[in-house]
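[1] sequence and predicted structure are below.
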Amino acid sequence: MLNKINGSIEQALEGVFDGATILVGGFGGAGLPFELVHALIDQGAKELTIVNNNSGTGTDGLAALVDAGRVKKMICSFPRAADPRSDPNIFQSWYLSGRVELEVVPQGTIVERLRAAGAGIGGFYTRVGAGTVMAEGKEVREINGEEHVLEHPLHGDFALIKGLQADRWGNMVYRKAARNFNPVMAMAAKTTIAQVSEVVELGVLDPEHVVTPGIFVHRVVQITPEARS
């Protein structure tokens with residue numbers, strides 16, 4: 001019987017290894033799998049490459065992972081705090097002191113690189129970044145009279161994502177804006193680990209509402225809303 005439900009968050013993270021590239025869903029706090037990220041700190045994997053829209057805010061989530069010294073490189077679109085007066089911006093202090101690497105990728109480009117990985121596309125050309133430092137070291141081609149930069153797929157060894165509901169086959173639905181990067185990251189990783197608020201019986205989820213089919217999800221763990229303090 002196909003059953004992707006894991007009995008514990010520790011079991012769900014088994015096999016995450018040092019040096020792995022991990023795609024972490026979420027846009028700021030919306031859709032970020034906080035419990036999986038904090039369990040990853042406890043799990044102990046280090047020298048990680050983390051892919052997310054931003055580099056972490058406040059002192060928990062990705063910021064805590066960075067501050068624990070587990071991140072070797074961050075690939076993101078927004079590496080700075082929205083309000084540096086109220087946000088400690090842990091990542092920035094680590095980066096400026098040379099303790100972590102950074103690759104900045106425009107938001108639309110990072111999403112398309114993830115989509116390309118999931119779709120099996122070898123690369124794509126985009127006008128974004130042409131003629132700027134973002135194009136340094138990359139192939140540039142003129143298309144219809146304009147320069148385009150070649151971008152490559154962004155694959156992950158693991159994806160940590162957050163959904164609202166899932167069944168034992170791994171079919172998932174999301175809550176509102178929490179959908180953001182999670183579906184495309186699920187498709188771009190070798191192993192996708194999902195935390196959800198509720199596990200439902202087969203047939204409960206309306207097929208028209210399933211955003212991430214179970215074929216892209218390998219492990220599911222139920223995390224109740226009360227689990228995070």
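    The structure has been received and is ready for your questions.

[2] give me the beta-bridge partners of Ala30?
    Taking DSSP bridges, one finds Phe27 as the beta-bridge partners of Ala30.

[3] so where's the chain shaky on pLDDT?
    82, 84-86, 225-229 (pLDDT under 70).

[4] all strands for it, in order.
    Counting by DSSP state E, the chain has strands at residues 21-24, 48-51, 71-76, 101-104, 124-126, 140-143, 146-151, 156-166, 172-173, 189-199, 219-222.

[5] roughly how far is the fourth one from the heart of the chain?
    Going back to what we said before, that points to strand 101-104. Its chain's C-alpha centre and that of strand 101-104 lie 15 Å apart, by C-alpha atoms, centre = their mean, to the nearest Å.

[6] partner strands of that strand, parallel or antiparallel?
    Partners of strand 101-104 in the sheet, by DSSP bridges, are strand 71-76 (parallel).

[7] alpha carbons only: can I get the partner strand in PDB?
    Taking Å, rounded to 0.1, in the frame of the first residue of the first chain, the C-alpha atoms of strand 71-76 are listed here in PDB:
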ATOM      1  CA  VAL A  71      24.700  27.100   5.500                       C
ATOM      2  CA  LYS A  72      27.600  27.300   3.100                       C
ATOM      3  CA  LYS A  73      25.800  29.200   0.400                       C
ATOM      4  CA  MET A  74      22.500  31.100   0.000                       C
ATOM      5  CA  ILE A  75      20.900  31.400  -3.400                       C
ATOM      6  CA  CYS A  76      18.000  33.900  -3.200                       C
END
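
[8] ok, longest helix in the chain?
    Assignment by DSSP state H gives helix 107-119 as the longest helix of the chain.

[9] distance of the nearest residue to Tyr95 once chain neighbours are set aside from Val199?
    In space, and not counting its chain neighbours, Tyr95 is closest to Leu102: 5.4 Å by C-beta to C-beta, 6 or more residues apart in numbering. Where C-beta positions appear, they are placed from N, C-alpha and C, glycine not excepted. Separation of Leu102 from Val199 (C-beta to C-beta, to the nearest Å) stands at 37 Å.

[10] before we move on, what about Glu10?
    Shown here: Glu10 relative to Val199, a distance of 17 Å by C-beta to C-beta.

[11] have a look at those two and say which one is more surrounded.
    Val199 (15 against 12; other C-beta atoms under 10 Å).

[12] follow-up on the earlier one: how about the strands of the chain in TSV, adding distance to Val37?
    Formatted as TSV, the strands of the chain follow (distance: least, C-beta to C-beta, whole Å):
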stretch	distance to Val37
strand 21-24	7
strand 48-51	9
strand 71-76	11
strand 101-104	18
strand 124-126	29
strand 140-143	36
strand 146-151	27
strand 156-166	7
strand 172-173	18
strand 189-199	10
strand 219-222	13
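
[13] to Pro33, which of those lies closest?
    Pro33 sits nearest to strand 156-166 of all these, at 4.0 Å, using C-beta to C-beta.

[14] in the closest one, what's buried?
    Residues of strand 156-166 classed as buried by neighbour count (16 or more other C-beta atoms under 10 Å): 156-166.

[15] show me how far that strand is from its chain's centre.
    On the basis of C-alpha atoms, centre = their mean, strand 156-166 sits 8 Å off its chain's mean C-alpha point.
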